[in-house]
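>>> here is my input; please provide its structure:
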Amino acid sequence: MTESTFDRGIILILRILMGWTFLYAGVWQIWENNSAAGFLQHVVTFHHFFAIFATPEMLPYTNILMKLGHLLIGLSLVFGCMVRLSGLFGILLMITYYFAHMQWPYIENHDNFIVNYHLVYTFLILYLMVHHAGRVFGIDGLIAKRYPRLWGLFG
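I've put the predicted structure just below:
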């Protein structure tokens, strides 16, 4: 896929903006010692599935995974390192958030009819993965040039 300088600039900006969104969420959750319990208690869709993660035994692990997940996905996107791998986790997280508060056809509230920002973020991350955003002024590009065998992971 041939990209112009403008295309590469847009990919870089989108990668950093999406990374900042995750990074800020992770730092805020760690700094404020935020818990996933509030989110999990207000789940509308697939309540039985989400209830597993809200049990007293699982909640500490859920909190750690939520905080570190946001933080690591954010760092990965900002620095362009392992974007394809972290993108999968970012998409999984966004789809989870999307379906958690769905009251068909509304998402979260009546202001969001079928589409909300979680769905937009999902497709933005997918776009970044498809366009190998880590190669655009990122660590993935440096590693892929130095170690061509790792192109699939870092390409």
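>>> what about the longest strand in the protein?
strand 109-113 (DSSP state E).
>>> that one packs against which elements?
strand 106-107 (3 or more C-beta pairs under 8 Å, 6 or more residues apart in numbering; DSSP states H and E). Backbone N, C-alpha and C define where each C-beta goes, glycine included.
>>> helices or strands next to the strand it packs on in the packing?
So strand 106-107, by 3+ C-beta pairs under 8 Å, 6+ apart, packs with strand 109-113.
>>> again, only this time at 6 Å
The helices and strands touching strand 106-107, judged by 3 or more C-beta pairs under 6 Å, 6 or more residues apart in numbering; DSSP states H and E, number zero.
>>> got the phi/psi numbers for Gly138?
Dihedral pair for Gly138: phi -130, psi 170, per degrees, to the nearest 10.
>>> who's in contact with it?
Gly138 makes contact with Gly80, according to C-beta atoms under 6 Å, 6 or more residues apart in numbering.
>>> gap between it and Leu75?
Distance, Gly138 to Leu75, using C-beta to C-beta, to the nearest Å: 12 Å.
>>> Asn34 now?
Distance from Asn34 to Leu75, by C-beta to C-beta: 18 Å.
>>> could you do Gly19 as well?
Applying C-beta to C-beta to Gly19 and Leu75 gives a distance of 7 Å.
>>> now Lys67
In terms of C-beta to C-beta, Lys67 sits 13 Å off from Leu75.
>>> give the next helix or strand downstream of the helix or strand encompassing Arg8.
Element membership of Arg8 [criterion: DSSP states H and E] is helix 5-31. Next along the chain after helix 5-31, taking DSSP H and E as the criterion, comes helix 37-41.
>>> same for that next one, what does it pack against?
helix 47-54.
>>> please redo it, this time with the cut-off set to 10 Å
Packing contacts for helix 37-41, counted by 3 or more C-beta pairs under 10 Å, 6 or more residues apart in numbering; DSSP states H and E, involve helix 47-54, helix 59-79, helix 83-100.
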